[in-house]
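# Give me coordinates for this.
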Amino acid sequence: ARVDVRFNFAPLLQYTLLADYSFAVGERLTAGIGVDYSYTGETNSTLEGDPRYAHRDFGLTNARLRLGAADGRWEVMLWGRNVFDRFSQVSIFQAGDTIARYAGQPRTLGITFRISGG
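Got it, this is the predicted structure:
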């Protein structure tokens, strides 16, 4: 008898879409905006497909705004990861008599400064 077993932590569908646009702001500055979306389909932490270890599908959106010198010497970027604060499960495992779940990162916002020599 044939038995179909899916690998654990291996969703059937996973993809990322990315859009990024840069433009000049006068002669000395450049600006840009970027957004990406990644989708991960449902999967399971076990090879047996135990429903207690099932991972729901989820999608995460990241975004960024940037401004920098046209010569590339400096750049400042405002960014957000998981901007819609979607819940995701990274892992589900058993620890003794308890089933534990690791959650994915919640909404995270930040600013990055970059200075290049030369």
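# C-alpha from now on. contacts and neighbour counts both.
OK.
# Give me the contacts around the lowest-mean-pLDDT helix or strand in the chain.
Within the chain, no helix or strand scores below strand 89-95, which has a mean of 88 by mean pLDDT, DSSP states H and E. For strand 89-95, the surrounding residues in contact (C-alpha atoms under 8 Å, 6 or more residues apart in numbering) are 45, 53-56, 99-104.
# before we move on, which element is residue 101 in?
strand 98-103 (DSSP states H and E).
# what's downstream of that strand, the next helix or strand?
Remark: after strand 98-103, the chain's next helix or strand is strand 108-115, criterion DSSP H and E.
# Just checking: what are the partner strands of that following strand?
When sheet partners are counted by DSSP bridges, strand 108-115 sits next to strand 74-81 (antiparallel).
# Give me the buried stretch members for the strand it pairs with, please.
75-77, 79-81 (16 or more other C-alpha atoms under 10 Å).
# now those residues in TSV, with pLDDT?
Listed next are these as TSV, based on pLDDT from 0 to 100:
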residue	pLDDT
75	97
76	98
77	98
79	98
80	98
81	97
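# Go through these and say which is closest to residue 36.
residue 81 (9.5 Å; C-alpha to C-alpha).
# if we can go back for a sec, would you write a ChimeraX line that selects the buried entries of the contacts of strand 89-95?
Selection of buried members from the contacts of strand 89-95 for ChimeraX, criterion 16+ other C-alpha under 10 Å:
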select :45,53,54,55
